[in-house]
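1. Sharing a model prediction with you, sequence too.
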Amino acid sequence: MAKKRGEKSLGKIKGFSLEFIPFSEIKHLNSDERIKKILDIIFGNNILLIQGRLKPLEETRLIGDTMAMIGHVNNFKGIELAVISGKDEESMFERFKRNAANMISGGDLEAITIIGPATIVKEIKRNPKKIDLILNK
Amino acid sequence: MVLKIFTNFFKRVIGGIFKNKKEIKLGFYGPPNAGKTSLANRICKDFTGEEIGSVSKIPHETRSVQFKEKVQIEYKGKKMTFKMVDTPGIATKIDYEEFLKYKVGKNEAKKRAKEATQGIIESIKWLDDMDMVVVVLDATENPYNQVNITILGNLVARKIPVLIVANKVDLAKADIKKIESAFPEYETIGISAKYGENLEEFYESLFRVSKQI
């Protein structure tokens, strides 16, 4: 059917998988195990949603580990990463302070972490109240 | 007993003198192309006459950590000595094809990409060694970038004092208020490293934040 003028189109997406990990699944894992679990999912060409957020040191560890894999894993170009918090109106420092305990153990269950391989996710644009997940064609 | 009191007194006094003269390790962190090296160059040039590294429009121009030791910054009669640590921009992905847009040959682009990945790993490792960090952000870009948040989160976790610089205020698109509202708990100074705008205010903030060390 011909598309009418001005009609919105969803376009063609060949398909990708979204995988969700509840916090209970990674709660008892140490940092090495968490990173390994995340990487296993990412390398399966999946976009991962995690309930909660990683510790800041785990985030940098994830970036470092994925950087080390570029050039060693076929077509791997890194990741796109974003954290959406449920309390956007609260300053980041307040969140850091409030979640200091959570950060040590990982957590902040009000947040959702999105991680995808850069080959699939072109960009995650994060504005305080909106996330745009832009996929590669 | 008296000897112990004297020993402690001299330790405190002499220790205090050396503590004040200590070289502060000042890191320049941020995403690629925000102007970290431009700012570090500007400071080094002002106080030592030499630059720290080369700058370019091509992202990831700085691909290894660069240093300049014993940079004595003087501002309004106060002096502080810094070890300047200019770090490669932190990113979560590197695609050599991005470099091809800047008319870089394919082999050179692949080499740059490989070096850039190693540079990011090096930047992250250096976080542990910093006494204070200037986070340099491009004021024309969206500050709600996860890399910015991850860097700041790491600095908070390590209790490292932070000064945010909103660079490129000479550009019409620059929006310092957006950066201030994203990170209201930090001092944010709008500057143009390229043209040396507002550096006086930057030095004032640098001295103020350094008291938190």
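-> Arrived safely, thanks for sending.

2. can you give me the helices in chain A?
-> Chain-ordered helices for chain A, with DSSP state H as the definition, fall at A:23-26, A:31-42, A:56-69, A:92-98, A:100-105.

3. tell me the angle of the longest strand anywhere in chain A relative to helix A:56-69?
-> When chain A is parsed with DSSP state E, its longest strand is strand A:107-117. Using axes from the mean of the first three to the mean of the last three CA atoms, to 10 degrees, the inter-axis angle of strand A:107-117 relative to helix A:56-69 is 10 degrees.

4. shouldn't A:Asp65 be in contact with A:Lys36?
-> No - using CB atoms under 8 Å, A:Asp65 is not in contact with A:Lys36, being 9.1 Å away. Using the backbone N, CA and C atoms, a C-beta is placed for each residue, glycine as well.

5. okay, the two: which has more neighbours?
-> When neighbours are counted by other CB atoms under 10 Å in any protein chain shown, A:Asp65 comes out ahead of the other of A:Asp65 and A:Lys36, with 16 against 13.

6. now that one, nearest residue through space, not along the chain?
-> Taking CB to CB, 6 or more residues apart in numbering or on different chains, and ignoring the residues beside it in sequence, A:Asp65 has A:Ile35 as its nearest neighbour in space, at 6.0 Å.

7. For B:Lys110, see how far away that neighbour is.
-> A:Ile35 sits 26 Å away from B:Lys110, taking CB to CB, to the nearest Å as the criterion.

8. likewise B:Ser123?
-> 21 Å.

9. Which of the three states applies to B:Ala166?
-> Secondary structure of B:Ala166, reduced to three states by DSSP: H, G, I helix; E, B strand; the rest coil: strand.

10. Am I right that it is in contact with B:Ala182?
-> No - with contact defined as CB under 8 Å, B:Ala166 does not reach B:Ala182; the gap is 10.3 Å.

11. The two: which has the busier surroundings?
-> A count of neighbours by other CB under 10 Å puts B:Ala166 above the other of B:Ala166 and B:Ala182, at 29 against 21.

12. In which helix or strand does B:Asn148 reside?
-> helix B:146-157 (DSSP states H and E).

13. now that helix and strand A:107-117, what's the angle there?
-> Taking the same axes, to 10 degrees, one finds that helix B:146-157 is oriented at 140 degrees with respect to strand A:107-117.

14. and helix B:146-157, what does it pack onto?
-> Helices and strands touching helix B:146-157, by 3 or more CB pairs under 8 Å, 6 or more residues apart in numbering or on different chains; DSSP states H and E, are helix A:56-69, strand A:79-84, helix A:92-98, strand B:132-138, strand B:162-167.

15. confidence score at the residue positioned nearest the centre of chain B?
-> The residue lying closest to the centre of chain B (CA atoms, centre = their mean) is B:Phe28, at 1.3 Å. On pLDDT, B:Phe28 comes in at 98.

16. Kindly report the same for the one 3 residues further on.
-> The predicted structure scores B:Pro31 at 98 on the pLDDT scale.

17. Now the helices and strands packed on helix B:146-157 in a markdown table, please, with extra columns for distance to B:Lys93 and mean pLDDT.
-> Formatted as a markdown table, the entries for those read as follows, by distance: least, CB to CB, whole Å; pLDDT from 0 to 100:
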| stretch | distance to B:Lys93 | mean pLDDT |
| --- | --- | --- |
| helix A:56-69 | 8 | 96 |
| strand A:79-84 | 6 | 93 |
| helix A:92-98 | 23 | 56 |
| strand B:132-138 | 17 | 98 |
| strand B:162-167 | 22 | 98 |
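
18. With that, I have no additional questions.
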